[in-house]
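Chemist: Pasted the sequence and its predicted model underneath.
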Amino acid sequence: MQKNVRVREAAELLGLSKSTLDKLRHYGTGPRFFRLGRAVIYDTNDLIAWRDERAVAPANDNTASEVAA
């Protein structure tokens, strides 16, 4: 379901501080956003997609033990 949220709610959804999300937006490395007047708005679908793009797969424990052997 698409929902538009402001910065504080977006930061909470991502588990980030508002200032971190502000910095990511400033440097152009954060999730897609748009402006309505002076308000910064995020689509929750864009937030989830941005978060999922940064997911890291866990290391395979067997590989580490095989290398050590």
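Modeler: Looks like it came in fine.
Chemist: contacting residues for the residue nearest the centre of the chain?
Modeler: Nearest to the mean C-alpha position of the chain, counting by CA atoms, centre = their mean, stands residue 51 at 3.7 Å. Residue 51 makes contact with 14, 31, according to CB atoms under 8 Å, 6 or more residues apart in numbering. Any C-beta I mention is one placed from the backbone N, CA and C, and that applies to glycine too.
Chemist: which SS class is it?
Modeler: helix (DSSP: H, G, I helix; E, B strand; the rest coil).
Chemist: Need the pLDDT of it.
Modeler: For residue 51, the pLDDT comes out at 96.
Chemist: cool, the one 4 residues further on as well?
Modeler: pLDDT, residue 55: 92.
Chemist: what are the pairing partners of the longest strand anywhere in the chain, and which direction each?
Modeler: In the chain, assigned by DSSP state E, the strand with the most residues is strand 39-43. Take DSSP bridges as the rule and strand 39-43 pairs in its sheet with strand 4-6 (antiparallel), strand 34-36 (antiparallel).
Chemist: Buried residues of that strand, list them for me.
Modeler: Of the residues in strand 39-43, 40, 42-43 count as buried by neighbour count, 16 or more other CB atoms under 10 Å.
Chemist: for stretch 24-36, same thing?
Modeler: 24-25, 30-31, 33.
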